[in-house]
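>>> Can you look at this prediction? I've put the sequence above it.
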Amino acid sequence: MECLGRTQARRVLGGSKTNGVNRGIGWEQQYHAKGRRNNNNKQLFQRHTQATATRTTTTTTRKLVTKMPVAVPRVPYRTPQEGNWQWVDLWNCLYRERILFVGQGVTEDLGNQLVGTLLYLDSVSQKDLQMYINTCEGGQLVPSLALYDTMRHLKSDIVTVGFGGVMGMAAFLMCSGTKGKRLSLAHTRIMMHLPSGTARGSSTDMWNETRELLRIRGYMLKCLETQTGKSQEQLLSDFSRNTYFTPETAQEYGIIDQVLRPRRKAGK
């Protein structure tokens, strides 16, 4: 049998190479196999499309059901005079129960809101007002002092309750509650310090800013002396830097009066 070359063998088998595309028996078999794969891919694509459509519909429905409201939650509240139930926002319900919540640093807006609420509630009744404090930001100096002066001016007693983190001016406000009614939860982190700041401008402006800051610091030392029973010299020495307290050490120092412990359940 005559041995054929590669070119002749390709011609006998019906194969050729034209424009870089090979045609022949072997390539025809691969073509049919590729066609079967395309059919399988098409069926797989159709199944994937149907599953995706079903999953999208289910996910959309679930999102509509479990989506939480962005606004303040509303709770049912029963008015004392009329006795009717109505839906009010959470903070409004707490205000009506004479409970105030300080959850951020005291700014001018928050300070004015708290002062207005305190004045209104004090004019309605002289029952105790409860102020829950949890902020690590402290707050601005002037709005915090305005809130302190209002708390001391009211006829109603102020029950301060610290929880979470109470630092800076927030700790000063917690200490400013009515004596005997300054409370803290068991794992509250408390930090006290005296105000500090920077001054810019001319030497006269810097001196005026420094003198004003020293005056406010002296006023705060007098307030803390009244609330804690410590001398101003000791307070100045202790609070010239950031000083941290546990609820127990804060009670010993005179910042709070009582540490609230978890209640034991009956039978335990």
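Received it, and whenever you're ready, just let me know what you need. None of these values were measured; they are calculated from a predicted model.
>>> Where does pLDDT dip in the protein?
Scanning the chain for pLDDT under 70 picks out the ranges 1-42, 44-45, 48-71, 265-268.
>>> Break it into its domains for me.
74-192+242-260, 194-241 (automatic domain parsing).
>>> Go through those domains and pick out the most buried.
With neighbours defined as mean count of other Cβ atoms under 10 Å, the domains of the chain peak in mean count at domain 74-192+242-260, which reaches a mean of 17. In this view, the C-beta of every residue, glycine as well, is placed from N, C-alpha and C.
>>> my read: residue 174 touches residue 256, true?
Yes. Assessed by Cβ atoms under 8 Å, residue 174 is found in contact with residue 256 at 6.9 Å.
>>> Quick check: neighbours shared by the two?
Common contact partners of residue 174 and residue 256 (Cβ atoms under 8 Å, 6 or more residues apart in numbering): 162, 182, 184, 190.
>>> farthest-separated two in these?
182 and 190 (11.2 Å; Cβ to Cβ).
>>> Now for those two: what residues contact both?
In contact with both residue 182 and residue 190: 174, 255-256, using Cβ under 8 Å, 6+ apart.
>>> and the nearest residue to residue 245 once chain neighbours are set aside, helix, strand or coil?
Sequence neighbours aside, residue 190 is the residue nearest to residue 245 in space, at 4.2 Å (criterion: Cβ to Cβ, 6 or more residues apart in numbering). Counting by DSSP: H, G, I helix; E, B strand; the rest coil, the backbone at residue 190 sits in strand.
>>> that older thread, and the domains of the chain as JSON lines, adding distance to residue 46?
Below are the domains of the chain laid out as JSON lines (distance: least, Cβ to Cβ, whole Å):
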{"stretch": "domain 74-192+242-260", "distance to residue 46": "47"}
{"stretch": "domain 194-241", "distance to residue 46": "69"}
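>>> which stretches of the stretch 1-150 of the chain form helices?
6-12, 25-66, 90-96, 108-124, 141-153 (DSSP state H, counting those that start in this stretch).
>>> isn't residue 243 right up against residue 190?
No. Applying Cβ under 8 Å as the test, residue 243 and residue 190 come out as separate, 9.0 Å apart.
>>> how near is residue 185 to residue 174?
Using Cβ to Cβ, to the nearest Å, residue 185 is found at 11 Å from residue 174.
>>> who touches both of the two?
In contact with both residue 185 and residue 174: residue 162, using Cβ under 8 Å, 6+ apart.
>>> so residue 129 bridges to which residues?
residue 158 (DSSP bridges).
>>> Check the one 4 residues further on too.
For residue 133, the beta-bridge assignment (DSSP bridges) gives partners residue 102, residue 162.
>>> need the contact list for it.
102, 160-163, 166, 170, 173-174.
>>> Would you point out the most distant pair within those residues?
Between any two of the contacts of residue 133, the greatest separation by Cβ to Cβ is 13.6 Å, found for 163 and 173.
>>> just to revisit the earlier point, take the shared contacts of residue 182 and residue 190 and lay them out in a markdown table including distance to residue 87 and secondary structure.
Shown next, in a markdown table, are the shared contacts of residue 182 and residue 190 (distance: Cβ to Cβ, whole Å; DSSP: H, G, I helix; E, B strand; the rest coil):
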| residue | distance to residue 87 | secondary structure |
| --- | --- | --- |
| 174 | 32 | helix |
| 255 | 39 | coil |
| 256 | 36 | coil |
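>>> Out of those residues, flag the one nearest to residue 222.
Using Cβ to Cβ, the shared contacts of residue 182 and residue 190 come closest to residue 222 at residue 255, 15.8 Å.
>>> what separates the closest one from residue 245, distance-wise?
Taking Cβ to Cβ as the criterion, residue 255 is separated from residue 245 by 7 Å.
>>> for residue 252, same thing?
Residue 252 is 9 Å from residue 245, by Cβ to Cβ.
>>> Name the nearest residue to residue 92, ignoring sequence neighbours.
Using Cβ to Cβ, 6+ apart, the closest residue to residue 92 is residue 77 (7.7 Å).
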